[in-house]
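Undergrad: Build me a structure from this.
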Amino acid sequence: MRRFAALYAELDRSTATLDKRAALIAYFRIAPPDDAVWALWLLSGGKLAKIANTRELREWLSQETGTPEWLVDDCHAHVGDLAETITLLFDDPPRGAADVPLREWIEHRLLPVAGRDPALRRAAVVAAWHVLCADERLVFNKLLTGSLRVGVSQRLVQQALAEMSGIDIARIAQRMLGAWSPAPQFLRNLLDPEELPGDREQPYPFFLASPLEADVESLGPIDDWMLEWKWDGIRLQLIRRGPDVALWSRGEERLDGRFPEIESAAALLPRDCVIDGELIGWKPGASQPLPFTALQTRIQRRKPGPKTLADTPVVVLAYDLLELDGRDLRTLPLSERRRLLEDVLSANNDPRIVPSPLVGAAGWAEAATLREAARERGVEGLMLKRRASPYQAGRRRGDWWKWKIDPLNIDAVLIYAQSGSGRRSTLFTDYTFGLWDGEQLVPVAKAYSGLDDKEILALDRWIRTHTIERFGPVRSVEAAHVFELGFEAVNRSTRHKSGIAVRFPRILRWRQDKTPQDADKLETLRALAR
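TA: Okay, here's the model as predicted:
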């Protein structure tokens, strides 16, 4: 634990990416495999089974330190992070305490008491508080609360492992996709320089487009680019290798059984391949796809019934070919991969898996006109892909851009607020907004991005002095402030009180020039719904 706590402290202190990577390399070079694989799992976003809830942790802390519960709560409110609060309120143990390995703490002291009697869980947690020094205690508490965030991305961890081992980062990223267990054998396989049988079962890391913020003319001649519609569906890789078929979402989840018609179509492909594309709902003969909300009913059903299959038929719009007959094609130019993709799909001619149509434009001005009409087509804009580009891993700027249409917008009233998490845990940064339905404000969207630090501080002070009611961590506030919200789409929804669901809401600006009476009505938003 001591070695991992030192790594965590160094990563938390550093703001330089190169320094963080150097710290990771140093740790993985000397850490025992049993500890290193748990560190890898935790730094990649893994969380332990719940050992105790926040109420129990505050009670145990009060009992062990003799601190009144009201004072513990007050300290927590000021510090903003429960793990740090517990660490600060406990004294360090006498020097010379034995260093217990990270694996020992997790596998033999924490996981065995998860879900057990409160007395057992309390004994395990309190025993750790009494023997761990401050740095170790902080990490231990972070494990308990599931808040082990330290500004390290999975990509940075993979870069460190690649530099340390000499193995291509693409291979490491591929081996880390999907669910895996933090066992020493996994780490050995991860860093094995030879190709392993399991490598053929995994998808490739997805190549992600970046938002286009510069003038499109700066991209050079339009003939260097391939244009496609930006679909609003589920990004996936369709894998056909021998008799095995798998659908992997961009969220690294296998979608087995949820889209049986696509699995059947993949089994009929004439050649083994890995296809990158978008799964969308689309009824035969329709001029545009179904809204994303229709797909959500399919995602939630592992074995959809006949009615679900009939109500929301799906297709895969394929736009890239990553592997063909066991050959990795990712280093080929996109134009060549696209030609091979069309050859494979034309030989099959199955309407359930078809190439994503290319968009023709004589110049950027014509492309801009097409983009403006994207919403009427049921799409989000245009994708711009350099014809000579290889298929990379992660978000690499320069070759793939998403040129989205301008967001829809409404003026809404702030009605609820909640404190954020991590470094924003002491500020109210999560907001709920409402529109007028008659004389009542009905909640329609939640948003937490779009304000600068100065605006966040000013709004936080106002919320604290204009709270009407408290509902746990949520406060209802006076209807006084109007904000312009942006979002990608509006859909009908039976799950929301308003009957409306908006996609990707965010704050565009604080309309201090408007009064609550100037905010939009719910019927305005309903009119935009598909």
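Undergrad: mind giving me the domain ranges of this protein?
TA: 2-145, 207-404, 408-528 (automatic domain parsing).
Undergrad: okay if I get those as CSV plus mean neighbour count?
TA: (Glycine included, C-beta is placed from N, CA and C.) Shown next, in CSV, are these (neighbours: other C-beta atoms under 10 Å):
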stretch, mean neighbour count
domain 2-145, 17
domain 207-404, 17
domain 408-528, 17
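Undergrad: Tell me which of the ones you listed sits nearest to residue 167.
TA: Proximity to residue 167 (C-beta to C-beta) singles out domain 2-145 among those, at 12.5 Å.
Undergrad: average pLDDT across that closest one?
TA: Domain 2-145 shows a mean pLDDT of 91.
Undergrad: ditto for stretch 408-415
TA: In this model, stretch 408-415 has a mean pLDDT of 93.
Undergrad: and what of stretch 480-499?
TA: Here stretch 480-499 scores 86 as its mean pLDDT.
Undergrad: CA-only coordinates of it in CSV, if you can.
TA: What follows is stretch 480-499, C-alpha atoms only, in CSV (Å, rounded to 0.1, in the frame of the first residue of the first chain):
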residue,chain,number,x,y,z
ALA,A,480,-35.0,34.3,-10.6
HIS,A,481,-32.3,33.4,-13.1
VAL,A,482,-32.6,32.6,-16.8
PHE,A,483,-30.0,30.6,-18.8
GLU,A,484,-29.8,29.9,-22.5
LEU,A,485,-29.4,26.1,-22.9
GLY,A,486,-28.1,24.3,-26.0
PHE,A,487,-28.9,20.7,-26.9
GLU,A,488,-28.6,18.4,-29.9
ALA,A,489,-32.1,17.1,-30.3
VAL,A,490,-35.6,16.8,-28.6
ASN,A,491,-37.6,13.6,-28.4
ARG,A,492,-40.9,12.6,-26.8
SER,A,493,-40.4,10.7,-23.6
THR,A,494,-42.8,8.9,-21.3
ARG,A,495,-40.1,8.7,-18.6
HIS,A,496,-40.0,12.4,-17.9
LYS,A,497,-42.5,14.6,-16.2
SER,A,498,-42.4,17.1,-19.0
GLY,A,499,-42.9,14.4,-21.6
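Undergrad: For residue 163, give me its contacts.
TA: Counting by C-beta atoms under 8 Å, 6 or more residues apart in numbering, residue 163 touches 21, 25.
Undergrad: what about the residue nearest the centre of the chain, which SS state?
TA: Closest residue to the average C-alpha location of the chain: residue 251 at 7.3 Å, with C-alpha atoms, centre = their mean. Secondary structure, DSSP: H, G, I helix; E, B strand; the rest coil: residue 251 is coil.
Undergrad: can you check residue 507 too?
TA: Counting by three-state DSSP, the backbone at residue 507 sits in strand.
Undergrad: pLDDT score for it?
TA: pLDDT, residue 507: 95.
Undergrad: right, and residue 23 touches residue 16 too?
TA: No. Contact criterion C-beta atoms under 8 Å: residue 23 and residue 16 do not qualify, at 10.1 Å.
Undergrad: phi, psi of residue 451?
TA: Here is the backbone geometry of residue 451 (degrees, to the nearest 10): phi -100, psi 150.
Undergrad: hang on, isn't it packed against residue 485?
TA: No. In this structure, residue 451 is not within contact of residue 485 by C-beta under 8 Å, at 11.9 Å.
Undergrad: okay, and the common contacts of the two?
TA: Common contacts of residue 451 and residue 485 (C-beta under 8 Å, 6+ apart): residue 507.
Undergrad: Next, the contact list for the residue nearest to residue 392 when sequence neighbours are not counted, please.
TA: Excluding the flanking residues, the one nearest residue 392 by C-beta to C-beta, 6 or more residues apart in numbering is residue 207, at 5.0 Å. By C-beta under 8 Å, 6+ apart, residue 207 lies in contact with 276, 320, 391, 392, 393, 394, 396, 400.
Undergrad: doesn't residue 336 make contact with the third one?
TA: In this case it means residue 391. No. In this structure, residue 391 is not within contact of residue 336 by C-beta under 8 Å, at 11.1 Å.
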